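Visitor: The amino acid sequence is not available; the structure is as follows:
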């Protein structure tokens, strides 16, 4: 065998091994090589016979196997079954507990949500109300005496004061800076 | 009797589905089918037979606990061997010891053991057992369990190309060992050894 041929034997052996993996026959050029190369031919023969030989020898070694291990494992199974059923019992208990807990939690959440929304609405309304309160109150208190009392209240006085200050400020700025604020009157 | 016959005819996947449905007693059939095979698959992982037995037992108990998670679309053997491989890894991590030299474990053999060893050396699996761990496992899964490259890759958590390389190396090493064995027989004059592969 030439030296060059030996160099490629690794490749040919790899291809032979690939063919053994897939169960397909080797390619023609590999066959040609195996006819010339002893080492590759022996490797190809080995690969072809391995499957049958291994299958045959497998039964021989399994036959010698001591069955006590199987018995030992089988004897351990009832204990395992009991522990699994114990775990299942525990999970069933926790399921029942969940069934009680979930509706009560939902009810509590509903109560909290309703009370929070009531508080929120109440606070929001009181903020939105002007000096005369809710419109219904205005309607009910439409009598002139009550209106007079409300007009003399400190809040109303302060409001009037602020309005006057704003008017004078506007007049001053208009005369000083010579620009117009608000709609044109001239 | 009739029930036993029916059970024997059921495939592994059918048995697993029935066990998951509640027929736990059928698991015994799976144990008897696979315990020896798992024992030989895990031979490389530990030092003593006792450890292998423990690992086999652990594998079956794990499989029993999680049988409801088995997908019958897959092969049962692939699933079981995956569990075995993982258990062996976790056990190895906890023990932190591996069998370094498979032949050094036993003491000096007696005459009976020598006869048994001679008989065993005729067995190709015994010769394969002297190969590195990964190569032996790849050979076992491919030839003893008839698994495809993809299935072996799934069990061993490797890429299919790596499995192909493992099998290739295993075959090369096995060929070398057979050559050596034939050569030693020739030296001893116990075999004709006209051809290098007379072993086969």
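Guide: Sure thing, it's come through. None of the values given here were measured: they were computed from a predicted structure.

Visitor: Any figure for the gap between residue B:73 and residue A:27?
Guide: 34 Å (Cβ to Cβ, to the nearest Å). Heads up, the C-betas are built off the backbone N, CA and C, glycines and all.

Visitor: just for the chain, where's the confidence low?
Guide: Using chain A. Within chain A, the segments meeting pLDDT under 70 span A:1-6, A:80-96, A:126-152, A:178-186.

Visitor: that's the other chain; I wanted chain B
Guide: In chain B, residues with pLDDT under 70: B:1-5, B:96-122, B:182-200.

Visitor: So for residue B:73 and residue A:27, which residue has more residues nearby?
Guide: residue A:27 (14 against 6; other Cβ atoms under 10 Å in any protein chain shown).

Visitor: Name the nearest residue to the more buried one, ignoring sequence neighbours.
Guide: Nearest residue to residue A:27 in three dimensions, chain neighbours excluded: residue A:15, at 6.8 Å (Cβ to Cβ, 6 or more residues apart in numbering or on different chains).

Visitor: ok, now which ones touch the residue nearest the centre of chain B?
Guide: The residue lying closest to the centre of chain B (Cα atoms, centre = their mean) is residue B:41, at 1.9 Å. By Cβ atoms under 8 Å, 6 or more residues apart in numbering or on different chains, residue B:41 lies in contact with B:81, B:84, B:137, B:140-141, B:144.

Visitor: These: which two are farthest apart?
Guide: Farthest pair in these (Cβ to Cβ) is B:84 and B:144. Separation: 13.2 Å.

Visitor: who has more neighbours, the two?
Guide: residue B:84 (25 against 21).

Visitor: Could you check how far the more buried one is from chain A?
Guide: Distance, residue B:84 to chain A, by Cβ to the nearest Cβ, to the nearest Å: 13 Å.

Visitor: got a list of what that residue touches?
Guide: Taking Cβ under 8 Å, 6+ apart as the criterion, residue B:84 is in contact with B:38, B:41-42, B:55-56, B:59.

Visitor: One more pass at 6 Å, please.
Guide: For residue B:84, the contact set (Cβ atoms under 6 Å, 6 or more residues apart in numbering or on different chains) comprises B:38, B:59.

Visitor: That one: helix or strand, and which one exactly?
Guide: For residue B:84, the host element (DSSP states H and E) is helix B:76-95.

Visitor: What ranges does chain B have for its helices?
Guide: Using DSSP state H, the helices of chain B run over B:2-9, B:12-20, B:27-41, B:49-65, B:76-95, B:111-121, B:124-128, B:133-139, B:149-156, B:160-188.

Visitor: Only the buried residues of the fourth one, if you could.
Guide: Pointing back at helix B:49-65 there. Neighbour-count burial for helix B:49-65 flags B:51-64 (criterion: 16 or more other Cβ atoms under 10 Å in any protein chain shown).

Visitor: Check those one by one and keep those near chain A.
Guide: Under the cut-off given by Cβ under 6 Å from any Cβ of the partner chain, chain A has B:53, B:57, B:60-61, B:64 from the buried residues of helix B:49-65 close to it.

Visitor: Identify, from these, the entry nearest to residue B:174.
Guide: Using Cβ to Cβ, residue B:53 comes nearest to residue B:174 of these, at 27.0 Å.

Visitor: what residues does chain A put near chain B?
Guide: Residues of chain A lying close to chain B (Cβ under 6 Å from any Cβ) are A:14, A:17, A:21, A:42-43, A:45-46, A:49, A:53-54, A:57-58, A:60-62, A:65, A:69-70, A:73-74, A:80-81.

Visitor: can you do 7 Å?
Guide: Contacts of chain A with chain B, taken as Cβ under 7 Å from any Cβ of the partner chain, map to A:13-14, A:17-18, A:21, A:42-43, A:45-47, A:49-51, A:53-55, A:57-58, A:60-62, A:65, A:69-70, A:72-74, A:76-77, A:80-81, A:84.
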